[in-house]
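S.K.: need a structure here:
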Amino acid sequence: MGFPGTWMTESESMVYRVVPKCACSTIGQIMYYSDHGTFFDGDIHDSKNGLHKWAQDDSQPLIERNVKAHKSFAFTCVRNPYQRILSSFFDKICGIQRNGKRYRGNLVPQLAQKYGVEVGSPETDFDFDQIKSFRRFLLFARDTIRWRKPMEPDIHWSAMSGHISTFIVNGGRYDHIFYTEMFNDGMQVVLDKTRHKHAVDLKKIPRFNESEGHGPKRAHPVEEYFDDLSRHLVWEIYKRDFQLFKYDFDNPGNKLPIGQIDLDEVHAKLGD
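M.R.: Residues are numbered from 1 along each chain as shown. Now for the predicted structure:
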């Protein structure tokens with residue numbers, strides 16, 4: 001299986017396991033900048049050179065050799081599950097993608113037909129009942145994860161622990177896992193522990209939110225999207241994420257963690 005979703009700087013200064021919707025665009029650009037002194041012109045997910053990626057055949061043997069020997073500092077980043085699933089909904093389901101089309105072609109019409117999800121449109125200024133539609137989307141997300149119907153789960157809403165575990169199961173070990181909500185503090189640890197050709201000043205790094213501005217703005221506080229049933233579904237999908245990464249399940253309005261990540265616990269529980 002190898003190391004899907006893994007990126008590595010060309011200098012092999014650092015190795016990163018991508019978790020979608022967890023600041024991955026910004027992290028990728030920082031990695032790129034640390035080697036080249038410039039940012040990639042465009043969405044870093046589209047880069048074909050300047051950064052080793054498991055999806056690039058030429059990079060695979062280099063990444064595999066590095067990770068299995070633990071030659072470089074390896075890390076990943078996580079995000080509050082309530083915030084992450086909401087972000088996935090507004091970006092991937094409601095938003096217009098970089099190519100000017102809806103995400104995954106017929107996915108949105110299928111959601112409208114089978115689950116009654118409304119998403120609005122740019123022509124109507126994305127006017128729709130966000131709370132009702134999000135809760136219906138959440139049912140769909142649960143169905144894809146629990147029963148793999150009506151489709152396989154999408155990487156943007158499948159559990160973070162699932163992404164993170166593949167790196168461990170196939171022979172990797174993380175040196176650091178940090179929080180999107182405390183991004184500068186967490187990323188600074190990575191920079192302090194690694195050598196790079198070009199110095200990175202996190203206070204001057206822009207946030208590369210490639211999905212921003214392509215869909216509706218969230219109209220309500222996070223907690224208003226999650227009634228009792230919604231929270232039950234979130235627990236069913238993301239129980240392990242809450243437990244391992246120490247997020248507050250009881251209060252959807254609290255995006256900050258309530259404990260410290262125990263790397264030994266993560267490796268033990270995700271390495272099965």
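S.K.: what's the local residue count around E236?
M.R.: A count of nearby residues for E236, using other Cβ atoms under 10 Å, gives 11. C-betas here are computed from N, CA, C, even on glycine.
S.K.: verify the contact between it and R142 for me.
M.R.: Yes - the pair E236 / R142 is scored as a contact, 6.1 Å apart, by Cβ atoms under 8 Å.
S.K.: now C24. Nearest residue, chain neighbours left out?
M.R.: V18 (4.8 Å; Cβ to Cβ, 6 or more residues apart in numbering).
S.K.: I30 too?
M.R.: Excluding the flanking residues, the one nearest I30 by Cβ to Cβ, 6+ apart is V200, at 5.7 Å.
S.K.: wait, what's in contact with the one you found?
M.R.: 30, 33-34, 191 (Cβ atoms under 8 Å, 6 or more residues apart in numbering).
S.K.: out of these, which are inside helices?
M.R.: 30, 33-34, 191 (DSSP state H).
S.K.: pull the most distant pair out of these.
M.R.: Y33 and L191 (10.9 Å; Cβ to Cβ).
S.K.: could you chop the chain up by domain?
M.R.: In terms of domains, the chain is parsed into 6-80+156-204, 81-154+216-237 (source: automatic domain parsing).
S.K.: hey, which of those is tucked in deepest?
M.R.: domain 6-80+156-204 (a mean of 18; mean count of other Cβ atoms under 10 Å).
S.K.: phi and psi next, for the closest residue to H176 other than its chain neighbours.
M.R.: Of all residues not flanking H176 in the chain, F75 sits nearest, at 4.2 Å (Cβ to Cβ, 6+ apart). Main-chain dihedrals, F75, degrees, to the nearest 10: phi -150, psi 170.
S.K.: quick one: contacts for F75?
M.R.: Per Cβ under 8 Å, 6+ apart, neighbours of F75: 14-17, 174-178, 190.
S.K.: greatest separation within the residues you listed: which pair is it?
M.R.: By the measure Cβ to Cβ, V15 and F178 form the most distant pair in the contacts of F75, at 14.5 Å.
S.K.: on that earlier part again, any idea which of the ones in helices among the contacts of V200 is the one closest to P153?
M.R.: I30 (28.2 Å).
S.K.: so where's the protein uncertain?
M.R.: 210-213 (pLDDT under 70).
S.K.: again, only this time at 90
M.R.: Where the chain drops to pLDDT under 90, the residues are 1, 95-106, 120-127, 206-217, 272.
S.K.: all helices of it, in order?
M.R.: So, for the chain - with DSSP H - the helices run 24-36, 60-69, 81-88, 107-115, 130-147, 160-169, 183-192, 228-245, 263-270.
S.K.: Serialize those helices to JSON lines and add fields for distance to I96.
M.R.: JSON lines is the format used below for the helices of the chain (distance: least, Cβ to Cβ, whole Å):
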{"stretch": "helix 24-36", "distance to I96": "17"}
{"stretch": "helix 60-69", "distance to I96": "33"}
{"stretch": "helix 81-88", "distance to I96": "15"}
{"stretch": "helix 107-115", "distance to I96": "10"}
{"stretch": "helix 130-147", "distance to I96": "16"}
{"stretch": "helix 160-169", "distance to I96": "25"}
{"stretch": "helix 183-192", "distance to I96": "26"}
{"stretch": "helix 228-245", "distance to I96": "25"}
{"stretch": "helix 263-270", "distance to I96": "35"}
